[in-house]
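Q: Give me a 3D structure for the following:
(chains A and B)
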Amino acid sequence: MCHMPEKKILVVDDEISILAMLKEIFSSEGYTVRTAENAEEALDILDRESIKVMFFDLRLSTMSGIDLCWKIREKDQVSIIYAFTGYSTYFGLLECRAAGFDDFFVKPVETKLLLHAAKDAFEKLERWKVRYYELE
Amino acid sequence: MKLDESEKSESRDKDNQGALQDLLFAILDAMPHAVLGLKDRLIISANHAVETVFGWKPEELVGQSTRVLYRTDEEFEEIAKRFYPALEQRRTFFDEFPCHHKDGRDIVCMVGASRVGELLKERMIVVTYEDITARKHAEEELREYRGYLEKLVDVRTNDLKYVNEQLKHEITERKQAEELYKTLAEKSITSVFIVQDGKFCFINTTSIAYAGYAPEELIGKDSMVLIHPEDREAVKKRTREMLQGKDTAPYEYRIVTKQGQVRWVMQTITPIQYGGKSAILGNAMDISDRKRAEEEQNRREKLQGVLEMAGTVCHEMNQPMQIIAGYSELLLMKTSESDPIYKKLSAIIDQIRRMSTITRKLMMIKDYKTQDYIGFSRIIDIHDDSE
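A: Now for the predicted structure:
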């Protein structure tokens, strides 16, 4: 029996209600969702599991979303990481791109757009996996 | 007894001689000066006046050396050295010489000597002594007084010279100072003016330059003419306070130039005397550029505040809006279009999007305008500026 591989998404936001809502949205489309309230928790999860699609809020309690992205990009150039912020000029698009974010969404984001972004990320990973890398 | 002619003649001669001697004695006694007959410095005759001059009676002197008439042995020798050689050359000789009075006083005498006969035989002479002590003192005093007067004149002349020099110097300095102040006032980059009885009576070129008037258009005019009508009362008040010394800080107000332009100036004033009457010296500076910069700075600071507030509001509102929108859209995805809830959910989502549009506009604000709003002072018009 052919077993579809798990599509895992890591969502990081300092507000629990946002985490709960996003978890429900992505879960409804069949993704496995891991949530973290801060950067340290996120890095812990990434140490334990291989997750290639992530959504980070930029304003986090200790390390910012930007710094978290820089840190992940030191080792991981392939994962698709999305910035997700309440305030567009807090960290501008340029800073986000420089830190290695693939895209930049300003809250409130339409659910369709989030799902589309997730879908697109997994499609990319799928293509890259076939052509260039062994990503598992 | 009958006298022959020769006896008669002899008797006549004797009578004549006696009469001459009497005359001579009478003359000598009538003289106010001491007259002495000397023979080899011994007194052989003396008139009555010796008592007046020397205090000695004539009979006390006759037979004595003239040494008693002098103060010291040295002077006694000295007068001899002075007179006798002279008398060998001529009949009379006069000189002043210090002498000695019987009562111990020193006196000065004009001594006159005549030799008796053609030769200075046995040093026979007649000497007159005129007491000139009082005259000498008077002369001395006069000389001293003249010296004092001369000195006084010298001192006064010098004083006058000094005062004159000082005056000349002061005049030069005053002229230089006047010139300097005139140049300072005229060429000062600040506006300098004098107001007397409420009217301009001096105004420098800088004031003219920034007020846009010719000097003759302002001299004699009411000093309030340049001041912006809205600022006149405040300027009057500050002027009073400054003149009373209550407030010395410079004050700012607006002027209206001849061309109708409004400019900001900063001013200080000082009470002065001008032409013998009280006046006000004003010193003003055009601060329009600084005012503009300050206004710009205020505007920027306000803008910065607005931007920061906008950021905070957006972030705070976007979080709950994200949750409402997320769940509503999730519900909508799971609801059939025929379900009556579908329409309501759509309405909720539409309103969230509307709110989202507003927050995005707020986040895009780079500049702003204010709009009068009934009941509020002013609100920021985001629809105008955040396109």
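Q: Next one, pLDDT for residue 89 please.
A: Looking at chain A here, since you left the chain open. pLDDT for A:Thr89: 58.
Q: nope, chain B please
A: At B:Gln89, the predicted lDDT confidence score is 88.
Q: so how many other residues sit close to the residue of the stretch 1-150 of chain B found nearest chain A?
A: Going by CB to the nearest CB, chain A is nearest to B:Glu150 of the stretch 1-150 of chain B, at 100.4 Å. (Glycine included, C-beta is placed from N, CA and C.) Other residues near B:Glu150 number 10, with proximity taken as other CB atoms under 10 Å in any protein chain shown.
Q: which residues sit in contact with it?
A: Contacts were defined as CB atoms under 8 Å, 6 or more residues apart in numbering or on different chains; by that measure B:Glu150 touches no other residue.
Q: do the one 10 residues further on as well
A: B:Leu160 makes contact with no residue under the criterion CB under 8 Å, 6+ apart.
Q: element containing it?
A: Secondary structure from DSSP states H and E places B:Leu160 in helix B:133-187.
Q: Mind telling me which residue is nearest the centre of chain B?
A: Centre of chain B computed as the mean C-alpha position; nearest residue by CA atoms, centre = their mean is B:Glu170, 7.5 Å away.
Q: how close does that residue get to B:Leu184?
A: As defined by CB to CB, to the nearest Å, B:Glu170 lies at a distance of 20 Å from B:Leu184.
Q: Name the nearest residue to B:Val262, sequence neighbours excluded.
A: Counting by CB to CB, 6 or more residues apart in numbering or on different chains, B:Val262 lies nearest to B:Arg254, which is 5.2 Å off, once chain neighbours are set aside.
Q: Beta-bridge partners for that neighbour, please?
A: On DSSP bridges, the residues paired with B:Arg254 through beta bridges are B:Trp264.
Q: so who does the nearest residue to B:Gln261 once chain neighbours are set aside touch?
A: What sits nearest to B:Gln261 in space, not counting adjacent residues and going by CB to CB, 6+ apart, is B:Gly212, at 7.5 Å. With contacts defined as CB under 8 Å, 6+ apart, B:Gly212 is in contact with B:Thr257, B:Lys258, B:Gln259, B:Gln261.
Q: which two from the residues you listed end up farthest apart in space?
A: For the contacts of B:Gly212, the farthest-apart pair by CB to CB is B:Lys258 and B:Gln261; their separation is 8.6 Å.
Q: Helices of chain A, residue ranges please.
A: Assigned helices in chain A, in chain order: A:16-28, A:39-48, A:65-75, A:93-99, A:111-131 (criterion: DSSP state H).
Q: Same check on chain B?
A: The residue ranges that make up the helices of chain B, judged by DSSP H, are B:5-30, B:49-54, B:58-61, B:73-89, B:133-187, B:205-211, B:215-218, B:232-243, B:288-333, B:340-363, B:382-385.
Q: ranking the ones you listed by burial, who's on top?
A: Highest mean neighbour count among these (mean count of other CB atoms under 10 Å in any protein chain shown): helix B:49-54, with a mean of 20.
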